[in-house]
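Q: would you be able to build a 3D model of this:
(one chain, ligands or ions: 2)
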Amino acid sequence: MVTGKAALTVIPPTHALMGRVTPPGSKSITNRALLLAALAAGTSRLTGALKSDDTRHMANALRQMGVTVDEPDATTFIVTSNGQLMAPAGPLFLGNAGTATRFLTAAVASVNGTVVVDGDEHMRKRPIAPLVKALAALGVDLAAPTGCPPVTVHGRGALAGGRVEIDAGLSSQYVSAILMAAACSTGPIDIALTGSDIGARGYIDLTVAAMRAFGAAVEQKDAATWRVLPTGYRAADYSIEPDASAATYLWAAEVLTGGRIDLGVPADAFTQPDACAQMVIAQFPDMPAIIDGSQMQDAVPTLAVLAAFNNSPVRFTGISNLRVKECDRTRALSTELSRIRSGLAWEEGDDLIVAADPALAGQTLPTDIHTYADHRIAMCFALAGLKIHGITILDPGCVAKTYPGYWDALRSLGVDLRDGA
Ligand SMILES: O=C(O)C1=C[C@@H](OP(=O)(O)O)[C@@H](O)[C@H](O)C1
Ligand SMILES: C=C(OP(=O)(O)O)C(=O)O
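A: Numbering: from 1, shown residues only. Ligands and ions are numbered 1, 2, ... in the order given. Below you'll find the model as predicted:
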């Protein structure tokens, strides 16, 4: 793990990357499972889990609300709960974990008392108003005056049943949040999408699958409506698959260096949306001219850096909500790619265009990559460092959000990483 270091310079390996690296557990599934286990009476054992900033924030928030979360080893959580979250003594601080923040905003409606859901300065810029509006329509007394966290929720012990409409164009997490909270209501809840379609519907599928594993009854009524029955949750033992977004860096490192990295799990075994990126990565250096990133948003940074070495330019479409992730990722990608070589990428509306330049490989282009406290910007630009001499990643410790072992994984494949300035 890298802590307290200002920068890491990636030395391009002279060999193809070969070896075995298992990505950590899925962030998305771990944070769903932690919450659902906390809403179930009894003891649940979550194995293959991710231990990182995002899951630590979720686990600590649940502890603040009376749930026992034990960690017998590096990949297991044992969650013991009476099924009812208690009012915490102070605000819940969730860092920049979108999943924890959105999921808990809805879940704490079943607390008897007031809960403040808050995050760091980045989270305080990430919109939550559509979720707040939808919960208010279900009768929850809550407020987020800036449209972003902090959110103050005055829980009344349970959500009431009913029908709610939600615009999830900015984040599918709003829908997942209400779906999971809905099983702890006093009556059935219908959740209907309005407005723009959601990106990455696969995340809703992950939510429904996790809910069912913990005993909930969820029915998809049509393409835009789900019904959740008020069953509550049942404690369960739950095995979590590796993180598909983390896998994208390894798949990309493999094709960039002509290597062979065994992830211990085939690409088609993942149930997470970002696993779709593998098929695109496999086409390198002839990736398509247009890539619709809407169903694999967290993989777009990986694909964008890979595109810099493609044989032909790539336009990324369907990525408007990349602007409200940990940072404005479209801006970060265009700025930092162009810092490597002027004009390497630019924005057209919300699209990102990467002007491919295979001749970049082998060049020396000393560049300090600004990472905007965004784990994915740090991880994807390390890939550029596998091909270009002089790539230095600032604030490399930010990978701890979802992949604390990332730098060690690269080192285990023989990549030389040197402490930078
Ligand atoms: O539900 C989830 O686990 C996630 C949904 C996606 O976010 P949005 O729905 O905000 O696009 C994704 O970017 C995030 O990393 C995880
Ligand atoms: C967008 C991300 O995270 P979250 O929304 O869960 O903070 C991510 O991990 O890329």
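Q: and the stretch 151-300 of the chain, which residues reach ligand 1?
A: Contact residues (CB under 6 Å from any ligand atom) of the stretch 151-300 of the chain with ligand 1: 171, 172, 173, 176, 199, 200, 203, 297, 298. All C-beta spots, glycine's among them, are computed from the backbone N, C-alpha and C.
Q: now, which of those residues sits nearest residue 258?
A: Ranked by distance to residue 258 (CB to CB), these are led by residue 298 at 25.2 Å.
Q: A helix includes that closest one, no?
A: Yes - assessed with DSSP: H, G, I helix; E, B strand; the rest coil, residue 298 lies in a helix.
Q: now do the contacts for it.
A: Counting by CB atoms under 8 Å, 6 or more residues apart in numbering, residue 298 touches 245, 248, 274, 325, 376.
Q: make it 6 Å
A: Residue 298 makes contacts with 245, 274, as judged by CB atoms under 6 Å, 6 or more residues apart in numbering.
Q: for residue 185, same thing?
A: Contacts of residue 185 by CB under 6 Å, 6+ apart are 158, 159, 161, 230.
Q: likewise for residue 232?
A: Counting by CB under 6 Å, 6+ apart, residue 232 touches residue 184.
Q: also residue 401?
A: 53, 54, 375.
Q: follow-up on the earlier one: which of the contacts of residue 185 lies closest to ligand 1?
A: Nearest to ligand 1 among those: residue 159, at 19.6 Å, using CB to the nearest ligand atom.
Q: so for the closest residue to that closest one other than its chain neighbours, what's the pLDDT?
A: Spatial nearest neighbour of residue 159, excluding adjacent residues (CB to CB, 6 or more residues apart in numbering): residue 185 at 3.9 Å. Looking at residue 185, its pLDDT stands at 96.
Q: state the distance from residue 185 to ligand 1.
A: Counting by CB to the nearest ligand atom, to the nearest Å, the gap from residue 185 to ligand 1 is 21 Å.
Q: contact partners for residue 219?
A: Residues near residue 219 by CB under 6 Å, 6+ apart: residue 227.
Q: distance of it relative to ligand 2?
A: 26 Å.
Q: how about residue 323?
A: To ligand 2, residue 323 is 11 Å away according to CB to the nearest ligand atom.
Q: and the closest residue to that residue other than its chain neighbours, which helix or strand is it part of?
A: Ranked by CB to CB, 6+ apart and with sequence neighbours excluded, the top spatial neighbour of residue 323 is residue 330, at 5.7 Å. Per DSSP states H and E, residue 330 falls inside helix 329-340.
Q: so what strands line up beside the helix or strand just after that helix?
A: For helix 329-340, the following helix or strand on the C-terminal side (DSSP H and E) is strand 345-348. Using DSSP bridges, the strands paired with strand 345-348 are strand 351-354 (antiparallel).
Q: appreciated, that's everything.
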